[in-house]
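Visitor: Provided below are the primary sequence and the corresponding predicted coordinates.
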Amino acid sequence: MMSVNSENKPTPPGDFLPDLCGVQAVFALVLIGELLALALVVVDRGVVSFDWSHFGTVSMMVQWVVLSSAGSLCPLRPWFRRLPSWLAGFIGYAIILLLTALVSLLGQWVLNMGGRVDLASLAQHLVVSGVFAGIALRYFYIQQQLHNQEQAELIARIQALQSRIRPHFLFNSMNSIASLIAISPVQAEKMVEDLSHLFRASLSEPTMVSLKSELVLCQRFAAIEQLRLGDRLKLEWQLPGEQILCDVVIPSFLLQPLVENAIYHGVQAIPEGGLVRLSVAVSAAVEIQVINPVVARQQAEAVPQGNGIALQNIRNRLCALYGQNALLRTEIKQGEFKVLVKYPKLYSE
């Protein structure tokens, strides 16, 4: 089961170390350790005089240092999150050097049968370990900085796309209320209440919301339009169970522009009105389809006039959040405009 935070937050300063205890990470560390041992033996003995027994000894010592360092740093990650980056890096570096010294001393004690410690060999081991540990920690830090920068740019991009949608939504909603005040003040009052709920949702910050919350938003908007259009607007909702709607998440304000387009550029443009159908199916992915009628002059168009900006905004948001794992497809067929949105299924925490 995958989960997603309601907000994308930058990683704390000291949390630049990756998870070194995962299966893939351990496998990568073992492989890198073997390559390092091979390089050290080749540099020391040469290719022609390659000694497998010496390689085995060096490999064992390198693996002890690599795996003991990973095992020591893993449980310290939560503590490192509370520290400045330089301090977390310094402590991690010191731990690696300390473990290198212990492994070197222990190895010499075993190989020399408790004999004298070779300080030159110890210094050599510390220099090699220090160089590679410094390179590795610096690499992890730069990778985390790039990740934080990408997250910040992603948040800014999504907020910019959302800000394009909200003024358009406000303009259309206020026009709806203005047209209803003279006809039915009571219904206009109810519309204002629905609109206040909509804007409370639109001003909230979460990037992701539950499907249920997004559908309630759409239903409130549809209720506003139904008061204005009356019997001309018919709605059909095909939804999964309540539990699925509460558990599965969707980018906020993703569906409302689709419903708005279906009403404004579909039903409203037809004198006799029409039916807007919204269906949600959840399996390995979330599939949402919005279908509305189109007037005859729009049937030759790939996208009815006026729909393009909202659809492009939604497409950009899906791309920013899910990359190639999401799609938005449109088509006009048999007098109907169909929008299909598909993205990976994620659960709220």
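Guide: That came through fine. Computed from a prediction, not measured in an experiment: that's the story for all the values here. Numbers count the residues shown, from 1 in each chain.

Visitor: Around the closest residue to Leu239 other than its chain neighbours, how many other residues sit close by?
Guide: Once its chain neighbours are removed from consideration, Leu239 has its nearest residue in Val280; the separation is 5.2 Å (CB to CB, 6 or more residues apart in numbering). In short, each C-beta sits where N, CA and C put it, glycine included. By other CB atoms under 10 Å, the residues close to Val280 number 21.

Visitor: Distance of Val280 relative to Val286?
Guide: 7 Å (CB to CB, to the nearest Å).

Visitor: what residues are shared contacts of the two?
Guide: Residues touching both Val280 and Val286 (CB atoms under 8 Å, 6 or more residues apart in numbering): Leu211.

Visitor: circling back: quick one: the residue nearest to Leu239 and Pro240 touch, right?
Guide: Yes - under the contact definition of CB atoms under 8 Å, Val280 touches Pro240, with a separation of 6.0 Å.

Visitor: In the stretch 151-300 of the chain, where is pLDDT below threshold?
Guide: Low-confidence segments of the stretch 151-300 of the chain (pLDDT under 70): 151-170, 172-173, 198-199, 201-206, 296-300.

Visitor: need the strands for it, in chain order.
Guide: All strands of the stretch 151-300 of the chain, identified by DSSP state E, counting those that start in this stretch, fall at 208-210, 233-238, 249-251, 274-282, 285-293.

Visitor: Any chance you could list what contacts the second one?
Guide: Strand 233-238 is contacted from outside by 215, 219, 222, 225-226, 263, 267, 273-280, using CB under 8 Å, 6+ apart.

Visitor: Could you rerun that using 10 Å?
Guide: Strand 233-238 is touched from outside by 215, 218-219, 222-223, 225-227, 259, 262-263, 266-268, 273-281, 289, 291, with contacts defined as CB atoms under 10 Å, 6 or more residues apart in numbering.

Visitor: Show me which of those residues are buried.
Guide: Buried residues within the contacts of strand 233-238, defined by neighbour count using 16 or more other CB atoms under 10 Å: 215, 218-219, 222, 225-227, 259, 262-263, 266-268, 273-274, 276-278, 280, 289, 291.

Visitor: As JSON lines, the strands of the stretch 151-300 of the chain with distance to Lys345 would be great.
Guide: Putting those into JSON lines (distance: least, CB to CB, whole Å) gives the following:
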{"stretch": "strand 208-210", "distance to Lys345": "12"}
{"stretch": "strand 233-238", "distance to Lys345": "18"}
{"stretch": "strand 249-251", "distance to Lys345": "9"}
{"stretch": "strand 274-282", "distance to Lys345": "6"}
{"stretch": "strand 285-293", "distance to Lys345": "5"}
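
Visitor: Which one, of those strands, ends up nearest to Asn175?
Guide: Between Asn175 and these, the tightest spacing by CB to CB is seen for strand 233-238, at 15.3 Å.

Visitor: Restrict the closest one to CA atoms and write it as PDB.
Guide: Taking C-alpha atoms only, strand 233-238 is exported to PDB below (Å, rounded to 0.1, in the frame of the first residue of the first chain):
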ATOM      1  CA  LEU A 233     -29.100  20.400 -16.000                       C
ATOM      2  CA  LYS A 234     -29.200  16.700 -15.100                       C
ATOM      3  CA  LEU A 235     -26.500  15.000 -13.200                       C
ATOM      4  CA  GLU A 236     -25.500  11.300 -12.900                       C
ATOM      5  CA  TRP A 237     -22.900  10.100 -10.400                       C
ATOM      6  CA  GLN A 238     -21.400   6.600 -10.600                       C
END
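
Visitor: can I assume Ile288 is in contact with Lys342?
Guide: Yes - contact status for Ile288 versus Lys342: in contact at 7.6 Å, counting by CB atoms under 10 Å.

Visitor: Could you pull out the residues contacting both of those two?
Guide: Common contacts of Ile288 and Lys342 (CB under 10 Å, 6+ apart): 281, 328.

Visitor: of the two, who's got more company?
Guide: Set side by side, Ile288 and Lys342 show unequal neighbour counts under other CB under 10 Å, the larger going to Ile288 at 22 against 17.

Visitor: Would you mind measuring from the closest residue to that one other than its chain neighbours to Leu76?
Guide: Once flanking residues are discounted, Ile288 sits nearest to Val341: 4.5 Å by CB to CB, 6+ apart. The span separating Val341 from Leu76 equals 43 Å under the rule CB to CB.
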